[in-house]
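Participant: Okay, structure incoming, though there's no sequence with it:
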């Protein structure tokens, strides 16, 4: 016997309706908004933040937080450039180095939190500062590109391998020729993997249990510390993947890129709480959250809104999403396992 | 004739529909130590909170030195001379400040001049510290002091107010023996000075050392007053725990082979080592007061703590779990007490709460959960435990307390175990749920050893084949649950087997 409750409806579908409304408004104001190219552009713009946001989601699930993802991504950007341009190695080596770096940073974050008992926000904040500095030390703060002057006075002769650049630039024929960028394929693939891991496997189930009541999870014989570390490693690895895609798109190790990555990714993950009234971190919601931010920014850009109003609106949307999650759904029933 | 410092008449207090104090009558004479005993939920803490101004009573009268006393808040209670030292030491001190500032905190809070005179503060503080025998550099931060000194700081701080009544809530629970002795010396001096002392504790050694009178509380009322020497400690314990004759008829099955053998097990450095054998098919209850070592034993068996010394064997092979995961893997399960803290996953439904420790058994390749087998197992548990619900996907928090308890206990009965430990499995459940859970524990006990920890003797009598009594972190009694000598059992719980003579005489 379910009766219709407006609050319940708003909690469940409010955010999806808001997103549909935005699409309609933008399409009416700018008919070009509805083109496949525009849709793909949105996806491409959210691919990197989306992948980072999925990593943060894993840490949110175990009731943690990873503030170092932006710095991991930019470190991965610099590292991949360094490996190819200075060490003159290939695409595979660059990718492997970056992913290993992300995993190690995640491992250190996790151990700081689990073994050294440093609060998660502080540990990952410290790691963020550390990485922001560290990634600039080898090149004395300069960006990395082919032909740059090295410390010994010679010029760097290595270059980005074409295979590596393809990761960020190649487009696949889909309905239209050269439509879907490879980075979007990665986003969708990773989103499905993370969703499946969190929702369908026992490991995901256990991670949600840890996030809900860590003490009870420990007394159920669960290796709480191990799963916490795993969550930070997932976050680190996904952040480094984001950095690889950014590097491949830019084609150089640009020290100034990636400033917004952390905030956009965190916003997407937190907006994800509100999608379908989940009231908990979840991969599907995070993907929708990233898409939402992308649609909003693309629409505003097409309407020629200046960049600072975009930041303002992003923040406002985040606040509204958090109200949806915590104020409204707190009154309704609990999420299910 | 002793003067009464505090007279309490007809005190009641309810939280919502839950009546916690149901007409308490109590006198606390000046210059005497009155020990207050009561099981969890008897209303001790609420009574203390009314006296120290945290809660206001619904009805009843409190007289302090024959004048009505109804403090608006803790500060006013303190100024009137009712001083409380809480179980949680850090409630009474500000860890970040130095000793001198802590000792003078109340006068600082009351105002005075804008600037502090550091030298005069130190002198005042030294004087106050000396009065309670606290020998410590007053410029040291409190955070750096040992627990016992912090407690003395809290008491010394209270002494500034010339207390009429000093309330000590489990003050020795985290003190060493030597530190406790120092506290007792101070209490002796305050008693001689004519301060009324209300001492809340379960430690029989403390009680024997200090008590002039014992008051037992049960279900929000005073259930016994003992003030004639020699004090009847067993009687006090009986008044505190109470028991009715239970109709439950236990048929003791033939015990199987030894499942768990503990040899020379020592739970605490000062405690006596003991041996314990738990056999298959038998349900053993361990009873004892709070802090008697029941939970410490469970922690050792479940890999949460290491024993001081001693060895364990499980099914004949050495057993030394380093963590709960290893214990569960060895087939030793623990259904923890305090379900909302230790057992319930609030975000999960019944099904996921039930399967939590055993997700491996319900998952296939890549760790993918098989929902169908998980659901079937959940249905079986719901059926077996008699959980009242719409279905296995109901949120756990939509259930009543008794049904939640059935889920968290049923969790550990859904798979075969070698040793199942249930810590207070009847906690906070109604009588029907208690019967259901108890029956289920007995019905499923074949082929495993079952250990039930319960402070209430009634519960032990209802569920167990054998009742073991713990006191001071060791085993002091072992009874087959057939025509049990309850007097002796109570005496053992009170930690005084020699008191048995008084009872039988």
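Facilitator: Sure, I can see it. In this text the structure is predicted, and so the values were computed from the model without any measurement.
Participant: quick one: the strands in chain A?
Facilitator: Assigned by DSSP state E, chain A shows strands spanning A:171-174, A:176-181.
Participant: and the last one, which residues are buried?
Facilitator: Right, the one you point to is strand A:176-181. Within strand A:176-181, the residues that qualify as buried by neighbour count (16 or more other CB atoms under 10 Å in any protein chain shown) are A:180, A:181. Every residue, glycine included, has its C-beta placed from N, CA and C.
Participant: contact partners of it?
Facilitator: Applying CB atoms under 8 Å, 6 or more residues apart in numbering or on different chains, the set of residues contacting strand A:176-181 from outside is A:36-37, A:40, A:43-44, A:47, A:168-174.
Participant: Reformat the strands of chain A as TSV; add mean pLDDT.
Facilitator: What follows is the strands of chain A, written out as TSV (pLDDT from 0 to 100):
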stretch	mean pLDDT
strand A:171-174	82
strand A:176-181	80
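Participant: re the thing from before, check the contacts of strand A:176-181 and tell me the two furthest apart.
Facilitator: A:36 and A:168 (20.2 Å; CB to CB).
Participant: Comparing those two, which shows the higher neighbour count?
Facilitator: residue A:168 (22 against 12; other CB atoms under 10 Å in any protein chain shown).
Participant: ok so, going back, now distance to residue B:307 too, for the strands of chain A, in a markdown table please.
Facilitator: Rendered in a markdown table, the data for the strands of chain A read as follows (distance: least, CB to CB, whole Å):
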| stretch | distance to residue B:307 |
| --- | --- |
| strand A:171-174 | 63 |
| strand A:176-181 | 61 |
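Participant: Residue A:238: which of the ones you listed is closest?
Facilitator: Residue A:238 sits nearest to strand A:176-181 of all the strands of chain A, at 18.0 Å, using CB to CB.
Participant: Mind listing the strands the closest one pairs with, and their directions?
Facilitator: Each strand that strand A:176-181 pairs with, and the sense of that pairing, follows from DSSP bridges: strand A:171-174 (antiparallel).
Participant: how about the strand it pairs with: buried residues?
Facilitator: Applying 16+ other CB under 10 Å to strand A:171-174 flags residue A:171 as buried.
Participant: ok, for residue A:145, nearest residue in space, not its chain neighbours?
Facilitator: Closest residue to residue A:145 apart from its sequence neighbours, by CB to CB, 6 or more residues apart in numbering or on different chains: residue A:252 at 4.0 Å.
Participant: How many neighbouring residues does that neighbour have?
Facilitator: Burial of residue A:252 is recorded as 17 neighbouring residues (other CB under 10 Å).
Participant: measure it to residue A:101 for me?
Facilitator: Residue A:252 sits 18 Å away from residue A:101, taking CB to CB, to the nearest Å as the criterion.
Participant: same check, this time on residue A:187
Facilitator: Counting by CB to CB - residue A:187 and residue A:101 are separated by 21 Å.
Participant: Ok, residue B:232 next?
Facilitator: Using CB to CB, one gets 72 Å for the distance from residue B:232 to residue A:101.
Participant: of these two, who's got more company?
Facilitator: Under the neighbour definition other CB under 10 Å, residue B:232 and residue A:101 were set side by side, and residue A:101 has more, 22 against 19.
Participant: Pretty sure that one sits against residue A:237.
Facilitator: No. Using CB atoms under 8 Å, residue A:101 is not in contact with residue A:237, being 9.3 Å away.
Participant: list residues touching both of the two?
Facilitator: Applying CB under 8 Å, 6+ apart, one finds that no residue jointly contacts residue A:101 and residue A:237.
Participant: tell me the contacts of the closest residue to residue A:69 other than its chain neighbours?
Facilitator: Nearest-residue entry for residue A:69: residue A:239, 4.0 Å, with adjacent residues in sequence omitted and distances by CB to CB, 6+ apart. Taking CB under 8 Å, 6+ apart, we find residue A:239 in contact with A:51, A:52, A:55, A:66, A:68, A:69, A:70, A:72, A:73, A:76, A:102.
Participant: Please render those residues as a markdown table that adds pLDDT and neighbour count to the earlier fields.
Facilitator: Written out in a markdown table, the entries for these read as follows (pLDDT from 0 to 100; neighbours: other CB atoms under 10 Å in any protein chain shown):
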| residue | pLDDT | neighbour count |
| --- | --- | --- |
| A:51 | 97 | 31 |
| A:52 | 97 | 33 |
| A:55 | 97 | 32 |
| A:66 | 96 | 37 |
| A:68 | 96 | 28 |
| A:69 | 96 | 35 |
| A:70 | 96 | 26 |
| A:72 | 97 | 35 |
| A:73 | 96 | 33 |
| A:76 | 96 | 32 |
| A:102 | 98 | 29 |
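Participant: List the contacts of the residue of the stretch 401-505 of chain B found nearest chain A.
Facilitator: Of all residues in the stretch 401-505 of chain B, residue B:411 sits closest to chain A, with a separation of 7.7 Å (CB to the nearest CB). With contact set as CB under 8 Å, 6+ apart, residue B:411 has these partners: A:220, B:335, B:343, B:353, B:354, B:355, B:356, B:357, B:381.
Participant: Quick check: it is in a strand.
Facilitator: No. For residue B:411, which was evaluated using DSSP: H, G, I helix; E, B strand; the rest coil, the result is helix, with no strand membership.
Participant: gap between it and residue B:339?
Facilitator: Distance check for residue B:411 against residue B:339: by CB to CB, it reads 10 Å.
Participant: same deal with residue A:75?
Facilitator: 45 Å.
Participant: What is the burial count for residue B:344?
Facilitator: 22.
Participant: let me fix that: residue B:225
Facilitator: By other CB under 10 Å, neighbour count at residue B:225 equals 16.
Participant: mind checking pLDDT for it?
Facilitator: At residue B:225, the model reports a pLDDT of 89.
Participant: Excluding residues flanking it in the chain, which one is nearest it?
Facilitator: Spatially, and ignoring its direct neighbours in sequence, residue B:225 is nearest to residue B:215 (5.5 Å; CB to CB, 6+ apart).
Participant: Shouldn't that neighbour be within a strand?
Facilitator: Yes. Under the criterion used here (three-state DSSP), residue B:215 sits inside a strand.
Participant: Just the pLDDT for it.
Facilitator: Residue B:215 is assigned 92 on the pLDDT scale.
Participant: Surely it and residue B:235 touch.
Facilitator: No. The criterion here is CB under 8 Å, and residue B:215 misses it with residue B:235 at 11.9 Å.
Participant: thinking again about what came up before, just name the closest of the contacts of strand A:176-181 to chain B, please.
Facilitator: Within these, distances to chain B taken as CB to the nearest CB reach their minimum at residue A:47, with 25.5 Å.
Participant: which residues sit in contact with the closest residue to residue B:280 other than its chain neighbours?
Facilitator: In space, residue B:280 comes closest to residue B:256 once its chain neighbours are excluded; the distance is 3.1 Å by CB to CB, 6+ apart. For residue B:256, the contact set (CB under 8 Å, 6+ apart) comprises B:279, B:280, B:281, B:282, B:447.
Participant: cool, and residue B:227?
Facilitator: Residues counted as contacts of residue B:227 (CB under 8 Å, 6+ apart) are B:212, B:213, B:214.
Participant: same question, residue B:200
Facilitator: B:35, B:36, B:37, B:44, B:48, B:167, B:168, B:169, B:170.
Participant: Can you list which of those are found in strands?
Facilitator: Among those, DSSP E puts B:35, B:36, B:37, B:167, B:168, B:169 in strands.
Participant: tell me the SS of residue B:415?
Facilitator: coil.
Participant: What about it, how many residues nearby?
Facilitator: Residue B:415 is flanked by 15 other residues according to other CB under 10 Å.
Participant: again with residue A:259
Facilitator: Other residues within reach of residue A:259, judged by other CB under 10 Å, total 10.
Participant: And the residue nearest to it when sequence neighbours are not counted, how far from chain B?
Facilitator: When the adjacent residues along the chain are set aside, residue A:259 lies closest to residue A:70, with 7.8 Å between them (CB to CB, 6+ apart). When distances are taken as CB to the nearest CB, to the nearest Å, residue A:70 and chain B turn out to be 28 Å apart.
Participant: what's the pLDDT at residue 59?
Facilitator: You didn't pick a chain, so chain A it is. Looking at residue A:59, its pLDDT is 97.
Participant: wait, I meant chain B there
Facilitator: Among the per-residue scores, residue B:59 holds a pLDDT of 88.
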